[in-house]
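Undergrad: please find the sequence and the predicted model below.
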Amino acid sequence: EDQVTQSPEALRLQEGESSSLNCSYTVSGLRGLFWYRQDPGKGPEFLFTLYSAGEEKEKERLKATLTKKESFLHITAPKPEDSATYLCAVRTYNQGGKLIFGQGTELSVKP
Amino acid sequence: NAGVTQTPKFRVLKTGQSMTLLCAQDMNHEYMYWYRQDPGMGLRLIHYSVGEGTTAKGEVPDGYNVSRLKKQNFLLGLESAAPSQTSVYFCASSSHQGDINQPQHFGDGTRLSIL
C-alpha cells in the first residue's frame, strides 16, 4: 500500500535556528513528490515538486531534497513568518495522477 | 487573481439535511478534486474529475456526490448529512499536459459542521 509519513508532527524553533522536516514514502512507483505550505484557515500553497533522487529545489529559506525513500525540507535561519503546517504529497504511476498526502508537520518559529 | 474559489466558507447543518459545496476555478484547468481534511488524518481525496462531464471516486467517496457540468465548476453534494461528515473541505485544480507533473492549486476551504 502506498504510504506517506511526515515527522515530526510538530516542531518548535527559535528564530534563526535551522532544522529539517522529514517526509518518508513507500510507493510502488514515484512520479513526483510535492511540498505544500498551509497557514491556519487557508488552503495548501504549492512550494516545490521533486521528480528524481538527488534533485534539490530552493526558495528563500527553504530547500527541498529527495532520495529514493524520503524527502527533507530544510529551513535555514527561519523567521516567525515561516510558521505554518508543511505538507508532503506523492503522485504515483498507479494512482491515476492522484496525490497521497502525509499528515503534515506543524512548524512554530518564535522570535 | 482569483484562482480556486470555494463557497460557502462556513456552514452548519443538522443531521439529515442536504447541501451543495461549490468550487470555481479561473485557470482553465482540466482536472479538479475534492478533499476533506480532518485532524490527524491528512488530506483525503473524495472525488475527482479529469474533464467536463466526467467524475471518478477517490479514497473516501461514500455519502458524497459530485458533478462537473462546466469545466470551471465542480460541485460536491451531501444528500443526507451525518456528523461524521463534519470536516474542512478543500477543492483543488490542476492542468494536465502529457506527462508533465503539474501541481494542484487549492481553494481556502469550506468549514462544515453537522450537528
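TA: Thanks, I have it.

Undergrad: so what does A:Tyr36 look like in phi/psi?
TA: phi -130, psi 150 (degrees, to the nearest 10).

Undergrad: could you report the neighbour count for it?
TA: 23 (other CB atoms under 10 Å in any protein chain shown). (Each C-beta comes from the backbone N, C-alpha and C, glycine too.)

Undergrad: I'd like the mean pLDDT over the helix or strand in which A:Ser71 is found, please.
TA: If you go by DSSP states H and E, A:Ser71 is part of strand A:70-75. Across strand A:70-75, the average pLDDT comes to 98.

Undergrad: tell me what it is packed against?
TA: strand A:19-26, strand A:30-38, strand A:62-66, strand A:84-92 (3 or more CB pairs under 8 Å, 6 or more residues apart in numbering or on different chains; DSSP states H and E).

Undergrad: for chain B, what's its nearest residue on chain A.
TA: A:Gly43 (3.5 Å; CB to the nearest CB).

Undergrad: tell me the secondary structure of that residue, please.
TA: Here A:Gly43 is recorded as coil under DSSP: H, G, I helix; E, B strand; the rest coil.

Undergrad: just give the nearest non-adjacent residue to it, would you?
TA: B:Phe106 (3.5 Å; CB to CB, 6 or more residues apart in numbering or on different chains).

Undergrad: low-confidence ranges in chain B?
TA: B:1, B:97-100 (pLDDT under 70).

Undergrad: contact residues of it facing chain A?
TA: Counting by CB under 8 Å from any CB of the partner chain, chain B comes close to chain A at B:4, B:31, B:33, B:40-45, B:48, B:50, B:56, B:58, B:90, B:92, B:96, B:101, B:103-109.

Undergrad: which among the residues you listed end up buried?
TA: Buried by 16 or more other CB atoms under 10 Å in any protein chain shown: B:4, B:31, B:33, B:42-45, B:48, B:58, B:90, B:92, B:101, B:103-109, out of the residues of chain B next to chain A.

Undergrad: among these, which ones are in strands?
TA: B:4, B:31, B:33, B:42-45, B:48, B:90, B:92, B:105-106 (DSSP state E).

Undergrad: quick one, what contacts B:Arg36?
TA: By CB atoms under 8 Å, 6 or more residues apart in numbering or on different chains, the contact list for B:Arg36 reads B:43-44, B:46, B:60, B:87-90.

Undergrad: I figured A:Gly102 was touching A:Asp2, is that so?
TA: No. In terms of CB atoms under 8 Å, A:Gly102 does not count as a neighbour of A:Asp2; the distance is 11.5 Å.

Undergrad: of the two, who's got more company?
TA: For A:Gly102 versus A:Asp2, the count of surrounding residues by other CB under 10 Å is larger for A:Gly102: 23 against 16.

Undergrad: so what's the more buried one up against?
TA: Going by CB under 8 Å, 6+ apart, A:Gly102 touches A:4-6, A:23, A:87-89, B:42.

Undergrad: quick one: name the residues of chain A near chain B.
TA: A:4, A:31-32, A:34, A:36, A:41-46, A:49, A:51, A:87, A:89, A:91, A:96-99, A:101-104.

Undergrad: swap in 10 Å and give it another go.
TA: Residues of chain A found near chain B (CB under 10 Å from any CB of the partner chain) are A:4, A:6, A:9, A:31-36, A:38-39, A:41-51, A:87-89, A:91, A:95-104.

Undergrad: would you turn the helices and strands packed on strand A:70-75 into a markdown table with mean pLDDT?
TA: Listed next are these as a markdown table, based on pLDDT from 0 to 100:
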| stretch | mean pLDDT |
| --- | --- |
| strand A:19-26 | 97 |
| strand A:30-38 | 93 |
| strand A:62-66 | 97 |
| strand A:84-92 | 93 |
